[in-house]
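> below: sequence and its predicted model.
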Amino acid sequence: MIQRRKALAIAAATLMAAQFSPTAWAADDIKLGSLLDTSGNFDAYGKPMNMGLDLAIDEINAAGGLLGRKVKKIGYDTQSDMAQYTKFAQQLTRQDKADLVIGGILSASREAIRPLLNREKTLYFYTPLYEGGVCDRNSVLTGITPAQQAEVLVPYAMKAFNGKKAYILAADYNYGQYMARWFQKYLKDNGGTAAGVEFFPLDVADFNSTIKKIQDAKPDFVISALVGGAHLSFYRQWAAAGMKAKIPMASTTLGVGNEHQVLTAAEGDGILVAYNYSPELNTGTSKSFVSAWTKKYGSDKAISEMAASQYQTTKLWAAAVQKAGSIKRDDVIKVLEGGLSIEGPSGKVLIDSQTHHASLDVHVMEIRGQKLQVKQSFAQRPPRETQAMCDLGKNPNSNTQFEIKL
């Protein structure tokens, strides 16, 4: 009898503690799988993305979690190694039983895991800017695409630099190869032409011969889609050769991982870019994001386009779960396809039901004093290049990346 009374007292005390605790979580956590390069050649992108993800999860849990459950991140460092993506994606789906996966940086990493996650029916979110064309009902892609970014950057640069002939530099994998073709299309659409096109493996760091080729070609400006830490050498070598003052430049990648903060002002000032987000955006949602980031991390220096995208995409997924009242993949997808939108640091993020991409605000910006200064804004640009090929309403079983014909 004494033991029974003691057990009842302990049970009552435990129940009371749960009732008066700040958050009485359900027994099982929601498992959010993360695959990011937080080491290796692409950690300049992966580390800020991981920080954005952590901040979003902290805020979601501080607000009571989702459906009474705590969101728990199960994260793996993919070490800038494509083989690690496949390995850890299998770990997340088969052993960890993740409810969703948010991750991937390069397009190659996305394509290494996207078909696998589709087969396993594990909902997948991909947040970086990319070349467009993915058509997969199991995937949601929230980064800017060529019709949102390059389509405004190229004509802006042609006008700003008073020229029609551009030399194109790009990373030698699917993103760079696709973007070089988009650049040529948008140059042609605006009465321009390519003076030359070159591709570079991701580990190339010596660009002296290329600089000589550009000098000989005499373009009006350069367009760069170079990627990663090794390629950052180009901008330094370009400035050291005295070329920065002679031939201006635009880029769809410089600054997306805060590379403009690594370059000196002398190396980076004047380069034009176009992105969905900059910490210099003078909006309430951006200011709130920067304040929360600074409070958590002590500085706003690590905030980047990709960090903000990772943060607001996580919040978008949370909003879909709350509206669906369910964590089940098909229930969340149905809500996303219903035109779900949120106000993120970058402004309105609206999911296009036809493609599972986002309509986004895009800003042409100039690097100045290691900051991204907004020059012109374009509201709610749709992913038109992907809409031209993908209709998940008509073809819900699609699981491909279309090679868009230009």
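Here it is on my side, so go on.
> now the closest residue to Ala230 other than its chain neighbours: phi and psi?
Nearest residue to Ala230 in three dimensions, chain neighbours excluded: Ala205, at 4.4 Å (Cβ to Cβ, 6 or more residues apart in numbering). Quick note: C-beta positions are derived from backbone N, CA and C, even for glycine. Main-chain torsions, Ala205, degrees, to the nearest 10: phi -130, psi 0.
> check Leu350 too.
Per-residue torsions, Leu350: phi -120, psi 130 (degrees, to the nearest 10).
> for the residue nearest to it when sequence neighbours are not counted, phi and psi?
Spatial nearest neighbour of Leu350, excluding adjacent residues (Cβ to Cβ, 6+ apart): Ser341 at 4.0 Å. In terms of degrees, to the nearest 10, the main-chain angles of Ser341 are phi -140, psi 160.
> now swap in the one 3 residues further on and tell me
Dihedral angles of Gly344 (phi, psi; degrees, to the nearest 10) stand at phi -100, psi -170.
> if it is in a bridge, with which residues?
Beta bridges link Gly344 to Gly347 when assigned by DSSP bridges.
> do the same with Ile102
Ser34, Phe125.
> if I pick it, what's in contact with it?
The contact partners of Ile102, taken as Cβ atoms under 8 Å, 6 or more residues apart in numbering, are Leu32, Gly33, Ser34, Leu53, Tyr124, Phe125, Tyr126, Thr127, Gln310, Thr313, Thr314, Trp317.
> what's the spacing between it and Ser39?
18 Å (Cβ to Cβ, to the nearest Å).
> look up which helix or strand the residue nearest the centre of the chain falls in, please.
For the chain, the residue nearest the mean C-alpha position is Pro128 (2.0 Å; Cα atoms, centre = their mean). Assigned by DSSP states H and E, Pro128 belongs to no helix or strand.
> now the strands for the stretch 151-300 of the chain?
Listed in chain order, the strands found in the stretch 151-300 of the chain under DSSP state E, counting those that start in this stretch are 165-171, 193-200, 221-225, 249-251, 272-275.
> where exactly do the helices run in the stretch 301-406 of the chain?
305-324, 329-336, 384-387 (DSSP state H, counting those that start in this stretch).
> contact partners of stretch 189-198?
154-155, 158, 163-170, 180, 183-184, 187, 210, 213-214, 217-219.
> quick one: distance of it to the chain centre.
On the basis of Cα atoms, centre = their mean, to the nearest Å, stretch 189-198 sits 27 Å off its chain's mean C-alpha point.
> tell me the mean pLDDT for it?
What stretch 189-198 shows for mean pLDDT is 97.
> please apply the same query to stretch 310-320.
Rounded mean pLDDT across stretch 310-320 is 98.
> tell me how far it lies from the chain's centre.
On Cα atoms, centre = their mean, the centre of stretch 310-320 falls 12 Å from that of its chain.
> ditto for stretch 230-247
Using Cα atoms, centre = their mean, the offset of stretch 230-247 from its chain centre is 26 Å.
> in it, what's buried?
Under the neighbour-count criterion of 16 or more other Cβ atoms under 10 Å, stretch 230-247 has Ala230, His231, Leu232, Phe234, Tyr235, Arg236, Gln237, Trp238, Ala239, Met243, Lys244, Ile247 buried.
> hmm, back to that, compare the strands of the stretch 151-300 of the chain and give me the one nearest Gln387.
strand 272-275 (19.3 Å; Cβ to Cβ).
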